[in-house]
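Colleague: Show me the folded form of this:
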Amino acid sequence: MSKKILIIEDDAEINNMLQILLRQNGYQTISAYSGTEGMLVHSREVDLILLDLMLPGRSGEEIIQELQQKQNVPVIVMSAVHDVEKKVDLFSLGADDYVTKPFHNEELLARIKARLKAGTNVSSVEILTHKDIVLNKADYYVQCNGRAVELSRHEFALLQLLMENPKRTCTKSMIYDTVWDYENSADDNTLNVHVSKLRKKLKECNSDEEYIETVWGIGYRLKNDLH
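Modeller: Got it, this is the predicted structure:
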């Protein structure tokens with residue numbers, strides 16, 4: 001089955017050109033001409049997103065964050081912006097690749113092919129999401145409610161463990177073995193302190209949300225709306 005690519009590009013001529021190029025190379029396409037429209041037509045059937053950065057109304061940065069929260073799929077940004085710092089910011093927000101306009105069609109096709117291949121093997125594993133938390137295992141980066149969260153090594157490992165097991169309770173012994181790797185310094189007090197700090201940092205990003213709940217006498221788990 002051919003892969004489906006969502007094109008979010010407000011320039012009708014470029015949008016149409018991309019549709020033709022992609023269909024000629026065996027891809028299905030969906031087109032949107034604004035960030036708002038892109039969010040509306042985005043679905044779980046989409047395998048990759050081509051995103052113009054300079055869209056009317058909402059910024060490309062906002063759209064990347066919302067797209068990642070809705071579904072984790074590769075995002076290739078298309079822009080005439082050459083600023084290196086800008087590119088770094090986009091990657092930290094969740095963009096997977098960046099192509100500078102004007103681009104060569106063969107280069108774009110090669111980048112799409114590479115990202116689709118990587119997405120089947122790495123992307124879904126390296127990026128973890130829960131509610132409005134996004135955790136990038138490869139880059140040791142966490143954002144919550146669109147804000148970067150600075151975590152210690154143990155706090156990051158603790159959150160990663162919980163997000164890798166979203167539907168189960170992580171017992172204390174499981175946490176000690178995974179997060180502290182059998183370190184003798186780990187005990188109930190150490191664990192409680194780290195959980196408290198992690199909760200506080202997430203709360204500072206979104207005071208209306210609860211992310212981690214205690215299962216008394218057993219351990220901790222992610223708080224889901226169904227619990």
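
Colleague: all contacts plus neighbour counts: C-alpha atoms, from now on.
Modeller: Fine.

Colleague: could you pull out the strands for this structure?
Modeller: 4-8, 28-32, 48-52, 75-79, 97-100, 127-130, 133-136, 141-144, 147-148, 170-171, 212-215, 219-222 (DSSP state E).

Colleague: What is the second one packed up against?
Modeller: Okay, so that is strand 28-32. On a contact count with 3 or more CA pairs under 8 Å, 6 or more residues apart in numbering; DSSP states H and E, strand 28-32 meets strand 4-8, helix 12-24, helix 35-41.

Colleague: Which of the helices and strands in the chain ranks last by mean pLDDT?
Modeller: The helix or strand of the chain with the poorest confidence is helix 124-126; it has a mean of 58 (mean pLDDT, DSSP states H and E).

Colleague: Low-confidence stretches in the protein?
Modeller: Regions of the chain meeting the criterion pLDDT under 70 cover residues 1, 68-71, 81-89, 92-93, 118-125, 181-186, 225-227.

Colleague: List of residues touching the longest helix along it?
Modeller: Counting residues, the longest helix found in the chain (DSSP state H) is helix 188-205. Helix 188-205 is touched from outside by 144-145, 147, 149, 151, 154-155, 159, 172, 209-212, with contacts defined as CA atoms under 8 Å, 6 or more residues apart in numbering.

Colleague: what does stretch 207-221 give?
Modeller: By CA under 8 Å, 6+ apart, the residues outside stretch 207-221 that reach it are 162, 166-172, 199, 202-203, 222-224.

Colleague: just curious, which of those is nearest to Glu106?
Modeller: Pro166 (40.1 Å; CA to CA).

Colleague: which residues does the closest residue to that closest one other than its chain neighbours contact?
Modeller: Of all residues not flanking Pro166 in the chain, Leu222 sits nearest, at 6.0 Å (CA to CA, 6 or more residues apart in numbering). Residues near Leu222 by CA under 8 Å, 6+ apart: 162-163, 166-167, 169, 211-213.

Colleague: buried subset of these?
Modeller: 162-163, 166, 169, 211-213 (16 or more other CA atoms under 10 Å).

Colleague: quick one: which of those is nearest Trp180?
Modeller: Of all the buried ones among the contacts of Leu222, Trp180 sits closest to Leu162, with 14.1 Å by CA to CA.

Colleague: Quick check: the closest one vs Glu155, distance?
Modeller: 11 Å (CA to CA, to the nearest Å).

Colleague: Kindly report the same for Ile7.
Modeller: Counting by CA to CA, the gap from Ile7 to Glu155 is 37 Å.

Colleague: next one: Lys4
Modeller: Lys4 is 37 Å from Glu155, by CA to CA.

Colleague: Cross the contacts of Leu222 against helices and list the overlap.
Modeller: 162-163.

Colleague: would JSON lines of the contacts of Leu222 with distance to Ala32 be doable?
Modeller: Output for the contacts of Leu222, formatted as JSON lines (distance: CA to CA, whole Å):
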{"residue": "Leu162", "distance to Ala32": "36"}
{"residue": "Met163", "distance to Ala32": "32"}
{"residue": "Pro166", "distance to Ala32": "33"}
{"residue": "Lys167", "distance to Ala32": "35"}
{"residue": "Thr169", "distance to Ala32": "41"}
{"residue": "Tyr211", "distance to Ala32": "33"}
{"residue": "Ile212", "distance to Ala32": "37"}
{"residue": "Glu213", "distance to Ala32": "39"}
